[in-house]
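Visitor: just to be clear, the model below is a prediction. Sequence and coordinates:
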Protein chains: 2
Amino acid sequence: MRVTDEAIDRIKQMIVNGELRPGDRLPREPDLAARLGLSRNSLREAVKALALIRVLEVRQGDGTFVTSLDPSLLMETMGFVLDLHQDASVLEFFEVRRILEPAAAARAALRMADTEIAALRKLLDDLGPEPSVEDLLTSDVEFHRLLAVGSGNRALASIIDSLRQPTYRARIWRGLTQDDAVARTLSEHRAILDAIEGRDPEVARSWATVHIAGVEHWIQDAVNLDEERPPRELRKASGGSVRPLRRATPAEY
Amino acid sequence: MRVTDEAIDRIKQMIVNGELRPGDRLPREPDLAARLGLSRNSLREAVKALALIRVLEVRQGDGTFVTSLDPSLLMETMGFVLDLHQDASVLEFFEVRRILEPAAAARAALRMADTEIAALRKLLDDLGPEPSVEDLLTSDVEFHRLLAVGSGNRALASIIDSLRQPTYRARIWRGLTQDDAVARTLSEHRAILDAIEGRDPEVARSWATVHIAGVEHWIQDAVNLDEERPPRELRKASGGSVRPLRRATPAEY
DNA sequence: AGCGTGTTATTCATCCGATCTATATGACGA
DNA sequence: TCGTCATATAGATCGGATGAATAACACGCT
């Protein structure tokens, strides 16, 4: 195995077996490199890789630390990978959302604290009856995030969060093209919250399903329409060969 | 922003905008470094990070390539992160499985091809009535994998796959301690498959729920028992301070 | 002509050592 | 007491040198 890969594994093992705990600081680069028996450059490759997936956090002039390892950090990694999938597979991710979010809503109805519900209610009330598309999207993201967290399952919440990332821009497009999207979103959000407040998991689940499915169907139609149009070129490759590029998808807007 | 982070982003953008496509080869290290305006060492840190999350694949003596970017590659990354969470949060991940796997089973009942169902049937038949624990686990992993793939949603399948990873060892423990676990697993697998064969999504979903919940409850009990026992030390830190380590959890077995 | 083998070029792997930059810390003076 | 500045520390980045794996090609044998 490559020394760098081995270093990644060694560091990982140090965390798994408890030698390094969340928040702990790693030895200085030269020391750790010596201890693991490799050069500083190779060690840095390992550290960089672990930093990308949010296992380590490097602070220049301070040191390298183990992150909290909170499941929510998983989100960013997944979001990064999902950014690479902006084609038809968006629909696949959407389908997963339609599975997870209703489940989260149902659990939230059972587990959410009254104070959390009040905060959610305030979020919706603060928005007003006719918000700008921008404000709506901000509120929408926060609503779904709080709902996911309200499930009481951090892993579930972070997976949902990471799945929303790539569909964020899709919803922007929606807000811009469907006139009734704003009103509909508002009323559906309130319906979900009402069900949670009433501690009715099945109703919460159903409203969440309706809510997600509405967006999903719209995306589906948009993709289908897009398939029928001829591909258009996005832009030319900068340095080298010019090749036809993939088709634009809703997720890009 | 650090040059390395910028390089990561630049490479990512090259993929997102289609300049680099799955399977494509990147320019030689020196060339790409020159083009991105940084040193080879720094570029290598970026490449290593992207290789860890399976976006790039480096082949010594050959070159560096963009992977297929298949959603199933997402699995390995997630599995890596999940390895770091071997404490009580295992139950959180298990709960997500209990949401996703029944949903996958229901979809499989609707979407799976007859040939795929036949393959699944053969998998179960090949195992025989009283398999070894080892064989059972191998078959079990494959059964659930095919089931997930049968959902027709690669993203869903890969998330389920990645979630199973950390519970694999948990099930080993189960197989060793519960005498009826083998027979029960076998019959539940057959029940799920029967429902799929009968194209009955609701029954498939229910059997899958029962199946997962069985394991989940057992793990839950095991963790609770474990909580009541005093923590035991796993082993001492090698180089530095000796500190009490976290408690062992079922996932370690 | 077909095929196996050895050579060579290409490309990544790894290392070393030096310099630059950001951060934290503590000394110093208003 | 508090703000400022010097200094130590640790990571950031670089350039170059050498080793190792792979692929491509030429060669010679059958």
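Guide: The structure has been received and is ready for your questions. The structure displayed is predicted, hence computed values, not measured ones.
Visitor: ok, residue A:41 touching residue B:42?
Guide: No. Using C-beta atoms under 8 Å as the test, residue A:41 is too far from residue B:42 to be in contact (9.7 Å). Using the backbone N, CA and C atoms, a C-beta is placed for each residue, glycine as well.
Visitor: who has more neighbours out of those two?
Guide: residue B:42 (22 against 15; other C-beta atoms under 10 Å in any protein chain shown).
Visitor: is the host helix or strand of residue A:9 up against DNA strand D anywhere?
Guide: Using DSSP states H and E, the element containing residue A:9 is helix A:3-16. No. No part of helix A:3-16 sits near DNA strand D under the criterion C-beta under 7 Å from any atom of the strand; the closest distance found is 10.9 Å.
Visitor: pLDDT on that helix, on average?
Guide: Taken as a whole, helix A:3-16 carries a mean pLDDT of 89.
Visitor: which is the next helix or strand following it?
Guide: Toward the C-terminus, helix A:3-16 is succeeded by helix A:29-36 as the next helix or strand (DSSP H and E).
Visitor: between helix A:3-16 and that next one, find me the angle.
Guide: Between helix A:29-36 and helix A:3-16, the angle formed by their directions is 90 degrees, by axes from the mean of the first three to the mean of the last three C-alpha atoms, to 10 degrees.
Visitor: so which elements touch the helix holding residue A:9?
Guide: helix A:29-36, helix A:40-52, helix B:71-83 (3 or more C-beta pairs under 8 Å, 6 or more residues apart in numbering or on different chains; DSSP states H and E).
Visitor: tell me which of the ones you listed sits most buried.
Guide: Neighbour counts averaged per stretch over the helices and strands packed on helix A:3-16 are highest for helix A:40-52, at a mean of 23; criterion: mean count of other C-beta atoms under 10 Å in any protein chain shown.
Visitor: and the next helix or strand after it, does that touch chain B?
Guide: Towards the C-terminus, the helix or strand next in line after helix A:40-52, according to DSSP H and E, is strand A:56-59. No. Against chain B, strand A:56-59 shows no contacts by C-beta under 8 Å from any C-beta of the partner chain, the least distance being 9.0 Å.
Visitor: any idea which helix is longest in chain A?
Guide: Using DSSP state H to assign secondary structure, the helix with the most residues in chain A is helix A:201-228.
Visitor: and that helix, which residues are buried?
Guide: By neighbour count on 16 or more other C-beta atoms under 10 Å in any protein chain shown, the buried set for helix A:201-228 is A:201, A:203-209, A:211-212, A:214-216, A:218-219, A:222-223.
Visitor: chain center to it, what's the gap?
Guide: Averaging C-alpha coordinates over helix A:201-228 and over its chain gives two centres that are 18 Å apart (C-alpha atoms, centre = their mean, to the nearest Å).
Visitor: list the helices and strands that helix packs on?
Guide: Under the contact definition 3+ C-beta pairs under 8 Å, 6+ apart, helix A:201-228 sits against helix A:89-111, helix A:154-177, helix A:181-197.
Visitor: make CSV out of the ones you listed and add distance to DNA strand C and mean pLDDT.
Guide: Shown next, in CSV, are the helices and strands packed on helix A:201-228 (distance: least, C-beta to the nearest atom of the strand, whole Å; pLDDT from 0 to 100):
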stretch, distance to DNA strand C, mean pLDDT
helix A:89-111, 28, 91
helix A:154-177, 26, 72
helix A:181-197, 39, 91
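Visitor: looking at those, which one is packed in the most?
Guide: Comparing the helices and strands packed on helix A:201-228 by mean neighbour count (mean count of other C-beta under 10 Å), helix A:89-111 comes out on top with a mean of 23.
Visitor: touching the helix or strand just after that one from outside, list them.
Guide: Going down the chain from helix A:89-111, the next helix or strand is helix A:114-127, by DSSP H and E. Contact partners of helix A:114-127, identified using C-beta atoms under 8 Å, 6 or more residues apart in numbering or on different chains, comprise A:112, A:135-136, A:139, A:142-143, A:146-147, A:149-150, A:186, A:189-190, A:193, A:196-197.
Visitor: in the next helix or strand after helix A:114-127, what's buried?
Guide: Read in the C-terminal direction, the helix or strand following helix A:114-127 is helix A:133-150, with elements assigned using DSSP H and E. By neighbour count on 16+ other C-beta under 10 Å, the buried set for helix A:133-150 is A:136-137, A:139-140, A:143-144, A:146-150.
Visitor: thinking residue A:55 is in contact with residue B:84, fair?
Guide: Yes. Taking contacts as C-beta under 8 Å, residue A:55 lies within contact range of residue B:84: 6.6 Å.
Visitor: okay, the two: which has more neighbours?
Guide: Legend: neighbour count by other C-beta under 10 Å for residue A:55 and residue B:84, higher for residue A:55 (24 against 21).
Visitor: closest to DNA strand D out of the helices and strands packed on helix A:201-228?
Guide: The closest of the helices and strands packed on helix A:201-228 to DNA strand D is helix A:154-177. By C-beta to the nearest atom of the strand, the value is 24.8 Å.
Visitor: pick out the residue nearest the middle of chain A.
Guide: Central residue of chain A (C-alpha atoms, centre = their mean): residue A:162, 1.7 Å from the mean position.
Visitor: grab the nearest non-local neighbour of that one.
Guide: Once its chain neighbours are removed from consideration, residue A:162 has its nearest residue in residue A:78; the separation is 3.7 Å (C-beta to C-beta, 6 or more residues apart in numbering or on different chains).
Visitor: which residues does the one you found contact?
Guide: A:158-159, A:162-163, B:74, B:77-78.
Visitor: which residue packs closest to residue A:103, ignoring adjacent ones?
Guide: For residue A:103, the nearest residue in space outside its immediate sequence neighbours is residue B:99; the separation is 4.4 Å by C-beta to C-beta, 6+ apart.
Visitor: okay then, goodbye and thanks.
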